[in-house]
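>>> Have a look; sequence and predicted model below, questions after that.
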Amino acid sequence: MKLKPIALVAASLCLAALTAQAQPLVQAQQAAAPGMALVPVVDKANAAQSFKLGPLVIEAPWARATPGGARVAGGFMKITNTGKLADRLIGGTLPVAGGVEVHEMSVSGTVMKMRRLADGLEIKPGQSVELKPGGHHLMFMELRSGLKAGETIKGTLVFLRAGTVEVEYRVAPIGAQTRGGGHSHH
Ligand SMILES: [Cu+2]
């Protein structure tokens with residue numbers, strides 16, 4: 001019972017961290033001409049890294065920089081299961097975090113809801129799951145120090161079947177919607 005207020009504060013911080021600036025991205029996607037191929041512009045600093053663990057491929061892990069004093073941060077990536085058996089992302093570690101949880105965020109009417117997935121996130125054989133702002137994400141809990149944009153942070157992911165893999169998160173600016181910062185470069 002003693003922990004309840006702390007959990008609520010963490011949840012609301014998480015919501016604020018994950019929902020900021022959602023609108024511009026949606027508009028940008030809608031602005032693209034139908035049928036036109038979108039060619040991603042990749043500069044060297046933003047080049048996506050991928051990590052392999054058995055049949056699992058983890059692409060482009062990134063995290064969001066934290067505003068001063070924030071105790072939680074979101075982690076995002078794409079995970080593909082090239083195998084024949086389902087697996088589950090159940091957690092991980094990050095040196096500056098007291099814990100790493102798998103969270104789900106959903107919209108119910110106008111209310112954003114977030115919850116911890118105690119059984120983790122299933123990745124079915126032959127399928128990809130994207131952890132992204134506004135959806136499934138990793139939540140880095142009890143941060144001992146803030147995450148700064150431009151940093152690279154090593155951590156691990158833990159899967160129920162495949163086990164543990166080391167990954168590297170690129171830290172994008174506060175409120176970023178994508179690994180590259182969520183805005184176009186001019
Ligand atoms: Cu969360």
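Sure thing, it's come through.

>>> Which secondary structure element is home to Gly155?
According to DSSP states H and E, Gly155 maps onto strand 152-159.

>>> Quickly run through the sheet partners of that strand, with directions.
Strand pairing for strand 152-159, determined by DSSP bridges: strand 87-93 (antiparallel), strand 163-172 (antiparallel).

>>> Can you give the distance from that strand to the centre of its chain?
The chain centroid and the centroid of strand 152-159 are separated by 12 Å under CA atoms, centre = their mean, to the nearest Å.

>>> Show me what it is in contact with.
Contact partners of strand 152-159, identified using CB atoms under 8 Å, 6 or more residues apart in numbering, comprise 53, 56, 58, 61, 63, 75, 87-96, 100, 147, 164-171. Where C-beta positions appear, they are placed from N, C-alpha and C, glycine not excepted.

>>> again, 7 Å this time
Residues from elsewhere that reach strand 152-159, judged by CB atoms under 7 Å, 6 or more residues apart in numbering: 53, 56, 58, 63, 87-94, 147, 164-171.

>>> Could you identify the buried members of the residues you listed?
Buried members of the contacts of strand 152-159, scored by 16 or more other CB atoms under 10 Å, are 53, 56, 58, 63, 87-92, 94, 147, 165, 167, 169-171.

>>> how long is stretch 151-170 end to end?
Distance between the boundary residues of stretch 151-170 (CA to CA, to the nearest Å) amounts to 6 Å.
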